[in-house]
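Participant: heads up, no residue letters with this:
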């Protein structure tokens, strides 16, 4: 699964309801110590087909269903995936030109395939975590400063 869709549609009200219900039902089976679970899939004729699923995949499915149950669109990206600059910008919620500036400044590693830049998903997430930590630290410092200056925040 290395392709990414740039079209993310929000789930319908019916999909949200089904996702909530099925997420709750599946989460009950995550408390097991077993490494796999068996589920049944029914075909168009109503015949049941047993499928063994790793519990780790079941956990991921419950996470996906939880997000859909909250009305969110979901996309799954493999950790090792290489992203185009547009997809990387979408992950960071920034413009593509801004992302290119980050790449050229060396803030996120990249490589080129011909004239096209490619960014590893892991590197994008590492950058996001680093920036989020810096933002949190700056907010903590501002809060401390506001309290020290008695600006009305108790």
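Facilitator: Looks like it arrived, so ask away. Remember, predicted model here, so these are calculated numbers, not experimental data. Numbering: from 1, shown residues only.

Participant: show me what contacts residue 39?
Facilitator: 50-51, 53 (CB atoms under 8 Å, 6 or more residues apart in numbering). No exception for glycine: its C-beta is placed from N, CA and C like everyone else's.

Participant: ok, and the most crowded of those residues?
Facilitator: residue 53 (14 neighbours; other CB atoms under 10 Å).

Participant: For that one, give its distance to residue 61.
Facilitator: Distance, residue 53 to residue 61, using CB to CB, to the nearest Å: 8 Å.

Participant: Kindly report the same for residue 47.
Facilitator: Distance, residue 47 to residue 61, by CB to CB: 22 Å.

Participant: Same question for residue 55.
Facilitator: Distance, residue 55 to residue 61, by CB to CB: 10 Å.

Participant: so is residue 40 in a helix, a strand, or just coil?
Facilitator: strand (DSSP: H, G, I helix; E, B strand; the rest coil).

Participant: If we ignore the residues flanking it in sequence, what's nearest residue 29?
Facilitator: Once flanking residues are discounted, residue 29 sits nearest to residue 37: 5.5 Å by CB to CB, 6 or more residues apart in numbering.

Participant: For the one you found, grab phi and psi.
Facilitator: Backbone torsions for residue 37, taken as degrees, to the nearest 10, come to phi -130, psi 150.
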